[in-house]
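# let me see the structure of the following:
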Amino acid sequence: MLKIHQIFVVKFLTLFIGTIIVSSVISYVSLKSIIIKHSKNHLQNAISVMSINLLDTKNLDILAKEVHDKTGLRVSIINNDGVVIAESNTDKKFMDNHGQRYEVIEANSREYSHIIRYSKTLEVDFLYVAKKFSYAGGDIYIRLSMRLDSVMEDFYTLWSKLIFVFLIILISVYFITKNMSKQVTFDINEITSYLSQISGKNYKAIVKTRYFNEFLHISLLLKNLVKNLDKRDKQKRKYTAKLRLMNKQRNDILSAISHEFKNPIASIIGYAQTIQNDSDMPESIQKKFLGKISSNGEKISKMLDRLALSVKLENGDLSIKNNEFDLKLLCNEVATNLRSKYQNREIIVEADECTIIADITMIELVLINLVDNALKYSSSEVKIIIKDNVVYVEDTGIGIRKEHINRVVSKFYRVDKNSWDNSMGIGLAMVSYILKSLNSSLEIESVFGKGSTFSFSVKEMINEQVEIDS
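Residues are numbered from 1 along each chain as shown. Here you go, the predicted structure:
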């Protein structure tokens with residue numbers, strides 16, 4: 001199995017060689033394409049120069065030979081019937097009809113036609129460029145060609161130089177990588193030796209990495225680890241303290257529940273004992289006391305229901321039943337019901353019609369908790385606003401301090417711990433759980449002493465498909 005520094009060398013050299021090969025292939029293809037393109041332009045320019053004196057030329061054979069002598073290019077002039085009427089390099093009498101040659105046919109539809117074709121006779125590729133001209137009352141084709149092997153000689157010379165440079169770079173990289181491998185090996189040996197001494201309980205051992213910051217960082221971490229071995233007792237004490245804190249939190253929760261039930265139960269016992277001890281109590285007072293007993297019993301029942309509901313919501317055990325309904329109408333109903341409870345308070349609904357698809361019971365519970373919470377902690381009007389698919393519940397009450405905002409949605413948490421309002425501190429926690437199950441979330445903005453705004457978005461509830469449980 002290879003060691004880490006050997007893997008590093010192999011991977012690095014493989015990546016470098018692969019990069020060289022890929023870049024070599026790309027540069028080879030690109031340079032060859034560029035050279036061929038320049039050769040095409042050269043032949044096209046030569047044809048353009050020939051066309052300047054074409055009309056003044058009476059002997060096309062002389063023109064073909066002059067161009068060949070000055071440029072080294074092979075010149076062929078072909079008439080409209082495909083017969084070669086002038087040739088610079090070969091006896092035109094022995095040449096085949098060129099009417100079906102690709103470059104001649106294409107010259108009828110293009111300004112310049114070109115093709116690379118292999119010559120079986122000379123066993124080499126030729127680049128042909130042709131153009132059609134009017135001459136002596138008819139059409140002729142001037143075709144120039146050149147051997148690509150001579151054109152590519154310069155390319156191969158350049159390419160051999162590039163290969164030489166690549167080899168030099170490759171050799172240099174090999175020696176650099178080999179040197180880096182030695183440095184990596186040294187630092188690894190230092191660390192392994194240090195670990196060996198630590199395993200032998202020699203906590204005073206010294207490690208000195210020399211070359212790489214990463215290994216230096218590892219050695220520092222190892223030193224810290226050795227120090228931490230002497231702190232196990234402290235960690236045990238911290239763990240014990242954590243268990244105590246968890247027990248305290250559990251006791252606080254039980255204490256909060258006990259405290260919230262104590263007042264209504266005490267009221268029930270007090271009224272019941274009063275009725276039992278006073279047999280001559282007027283019937284009107286007796287009915288009043290019985291009403292108080294019933295009212296406090298209902299409070300306890302509601303508190304138990306809210307606690308059970310919060311547990312179901314927290315565990316995700318509550319099934320959601322979606323229906324389509326008017327959110328504005330629901331806000332008005334909630335406001336009307338709470339006005340009967342808070343008869344001297346004003347609840348204002350400012351909303352346009354907004355039809356959503358959601359569990360109407362869950363949304364009603366969210367609105368009741370938010371509005372009831374606003375009424376408890378304020379003395380002026382409370383507003384329910386629907387704007388841009390967002391529901392706002394605003395009050396101008398005591399507000400919430402900044403340090404409490406992120407904690408008020410925690411279960412059993414209340415800002416005013418000395419007050420009793422039958423809430424047990426689970427109202428906002430329930431709201432948070434419900435909105436989360438409906439793909440929304442509770443947002444809280446508050447300024448202490450000026451008021452609070454609780455809001456949630458119903459945008460995701462507008463486009464949902466109705467799912468009615470059978």
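# now the strands for the chain?
Assigned by DSSP state E, the chain shows strands spanning 74-79, 84-87, 113-119, 124-135, 138-147, 323-326, 347-351, 355-358, 382-387, 390-395, 443-447, 451-457.
# my read: Ser446 touches Ile405, true?
Yes. Ser446 lies in contact with Ile405 (Cβ atoms under 8 Å); the separation is 6.0 Å. Where C-beta positions appear, they are placed from N, C-alpha and C, glycine not excepted.
# more crowded one of these two?
Ser446 (20 against 16; other Cβ atoms under 10 Å).
# does Thr274 touch Lys292 like I think?
No. The pair Thr274 and Lys292 does not pass the contact test of Cβ under 8 Å, sitting 9.9 Å apart.
# and these two? Which one has more around it.
Using other Cβ under 10 Å as the criterion, Thr274 and Lys292 rank with Lys292 on top: 17 against 14.
# what residues go with each domain of the protein?
Residue ranges for each domain of the chain read 4-154, 233-313, 319-462, as given by automatic domain parsing.
# out of the ones you listed, the one nearest Val226 is which?
Comparing these against Val226 with Cβ to Cβ, the closest turns out to be domain 233-313 (14.9 Å).
# now that closest one: mean pLDDT?
On average, the pLDDT along domain 233-313 is 73.
# then stretch 362-382?
Per-residue pLDDT over stretch 362-382 has a mean of 88.
# what's next to it, contact-wise?
309, 320, 327, 330-331, 333-335, 337-338, 342, 345-348, 356, 384, 391, 393-398, 421, 423, 427-428, 430-431, 434-435, 437-438, 451-452, 454, 456 (Cβ atoms under 8 Å, 6 or more residues apart in numbering).
# run through the stretch 101-250 of the chain and note the low-pLDDT ranges.
Filtered on pLDDT under 70, the stretch 101-250 of the chain yields the residue ranges 121-122, 150-152, 154-155, 201, 203-204, 212, 229-234, 246, 248-250.
# would you map the helices across the stretch 151-300 of the chain?
213-229, 232-277, 283-315 (DSSP state H, counting those that start in this stretch).
# quick one on the thing from earlier: out of the contacts of stretch 362-382, which are buried?
The neighbour count (16 or more other Cβ atoms under 10 Å) marks 309, 327, 330-331, 334-335, 338, 347, 356, 384, 391, 393-398, 423, 427-428, 430-431, 434-435, 437-438, 451-452, 454, 456 as buried among the contacts of stretch 362-382.
# what's the spacing between the nearest residue to Asn80 once chain neighbours are set aside and Asn247?
The spatially closest residue to Asn80, leaving aside those adjacent along the chain, is Asp139, at 4.4 Å (Cβ to Cβ, 6 or more residues apart in numbering). To Asn247, Asp139 is 106 Å away according to Cβ to Cβ, to the nearest Å.
# ditto for Asn41
89 Å.
# repeat for Gln273
Taken as Cβ to Cβ, the span from Gln273 to Asn247 is 36 Å.
# out of the domains of the chain, which one sits most buried?
Stretch with highest mean neighbour count among these: domain 319-462 (a mean of 17; mean count of other Cβ atoms under 10 Å).
# can I get stretch 268-286 as CSV, trimmed to CA atoms?
Provided in CSV are the C-alpha atoms of stretch 268-286 (Å, rounded to 0.1, in the frame of the first residue of the first chain):
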residue,chain,number,x,y,z
ILE,A,268,-62.9,25.5,43.1
ILE,A,269,-62.1,24.1,46.5
GLY,A,270,-62.8,27.5,48.2
TYR,A,271,-66.2,27.9,46.5
ALA,A,272,-67.2,24.3,47.2
GLN,A,273,-66.2,24.5,50.8
THR,A,274,-68.1,27.7,51.2
ILE,A,275,-71.3,26.1,49.8
GLN,A,276,-70.8,23.1,52.0
ASN,A,277,-70.3,25.1,55.2
ASP,A,278,-73.1,27.5,54.6
SER,A,279,-76.4,25.6,54.3
ASP,A,280,-78.4,28.8,54.5
MET,A,281,-76.6,30.4,51.6
PRO,A,282,-79.0,32.3,49.3
GLU,A,283,-79.7,30.5,46.1
SER,A,284,-78.5,33.4,43.9
ILE,A,285,-75.1,33.4,45.7
GLN,A,286,-74.9,29.6,45.5
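# what sits up against stretch 287-294?
Here stretch 287-294 has contacts from Ser267, Ile268, Tyr271, Ala272, Thr274, Ile275, Met281, using Cβ under 8 Å, 6+ apart.
# do stretch 218-237 as well
Glu190, Ile191, Tyr194, Leu195, Ile198, Tyr203, Val207, Lys208, Thr209.
# kindly report the same for stretch 325-342.
For stretch 325-342, using Cβ under 8 Å, 6+ apart, the contacting residues are 345, 347-349, 351-356, 358, 360, 363-364, 367-368, 371-372, 375, 384, 386, 391, 458.
# please state the offset of that stretch from the chain centre?
42 Å (Cα atoms, centre = their mean, to the nearest Å).
# can you dump the C-alpha coordinates of that stretch into CSV?
Output of stretch 325-342 as CSV, limited to C-alpha atoms (Å, rounded to 0.1, in the frame of the first residue of the first chain):
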residue,chain,number,x,y,z
PHE,A,325,-62.0,29.5,3.3
ASP,A,326,-62.1,33.3,3.5
LEU,A,327,-59.3,34.4,5.9
LYS,A,328,-60.9,37.9,6.3
LEU,A,329,-64.2,36.3,7.5
LEU,A,330,-62.3,34.1,10.0
CYS,A,331,-60.5,37.2,11.3
ASN,A,332,-63.9,38.9,11.9
GLU,A,333,-65.2,35.8,13.7
VAL,A,334,-62.2,35.6,16.0
ALA,A,335,-62.5,39.3,16.7
THR,A,336,-66.2,39.0,17.5
ASN,A,337,-65.6,36.0,19.9
LEU,A,338,-62.8,37.8,21.8
ARG,A,339,-64.8,41.0,22.1
SER,A,340,-67.3,39.0,24.3
LYS,A,341,-64.4,38.0,26.6
TYR,A,342,-62.8,41.5,26.6
